[in-house]
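>>> could you look at this predicted model? Sequence included:
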Amino acid sequence: QVQLVESGGGLVQAGGSLRLSCAASGRTFSRYNMGWFRQAPGKEREFVASIYWSDGSTNYADSVKGRFTISSDNRKNTVYLQMNSLKPEDTAVYYCNAKFSGGFDNYWGQGTQVTVSS
């Protein structure tokens with residue numbers, strides 16, 4: 001059974017940093033795109049960043065480019081999102097996602113709250 005467990009959220013002042021972690025278990029994720037999405041109150045869930053586990057290729061939303069960095073530790077089966085220069089508009093619940101590149105398997109974590117105060 002696939003499990004994605006996020007951690008690292010919290011309250012931070014604008015300009016500060018946080019690092020989110022997503023511990024993945026339940027299968028081999030080498031052909032999965034691991035991503036971070038976020039959902040602010042009253043808004044739709046939106047893409048933040050992703051990394052393809054097997055080759056490390058990354059993608060970012062324009063709103064976070066240059067501020068956020070996604071990375072993975074294959075030995076720990078963990079994906080990270082380093083968030084720097086945080087802004088109040090980054091406030092949201094952040095979700096970890098695992099999407100199989102060769103099919104329809106798609107999994108979500110339970111989410112972790114990030115709140116950026118001005």
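That came through, no problem. Numbers count the residues shown, from 1 in each chain.
>>> what segments of the protein are helices?
With DSSP state H as the criterion, the chain has no helices.
>>> what's the residue closest to the geometric middle of it?
Among the residues of the chain, the one closest to the centroid is Trp36, at 2.6 Å (C-alpha atoms, centre = their mean).
>>> mind listing what the nearest residue to Val2 once chain neighbours are set aside touches?
Sequence neighbours aside, Gly26 is the residue nearest to Val2 in space, at 3.8 Å (criterion: C-beta to C-beta, 6 or more residues apart in numbering). Where you see a C-beta, it was placed from the backbone N, CA and C, and this is true even at glycine. For Gly26, the contact set (C-beta atoms under 8 Å, 6 or more residues apart in numbering) comprises Gln1, Val2, Gln3.
>>> and for Trp53?
Phe29, Ser30, Arg31, Tyr32, Asn33, Met34, Ser72, Asn74.
>>> the fifth one touches Phe47, doesn't it?
I take that to be Asn33. No: judged on C-beta atoms under 8 Å, Asn33 makes no contact with Phe47 at a distance of 10.7 Å.
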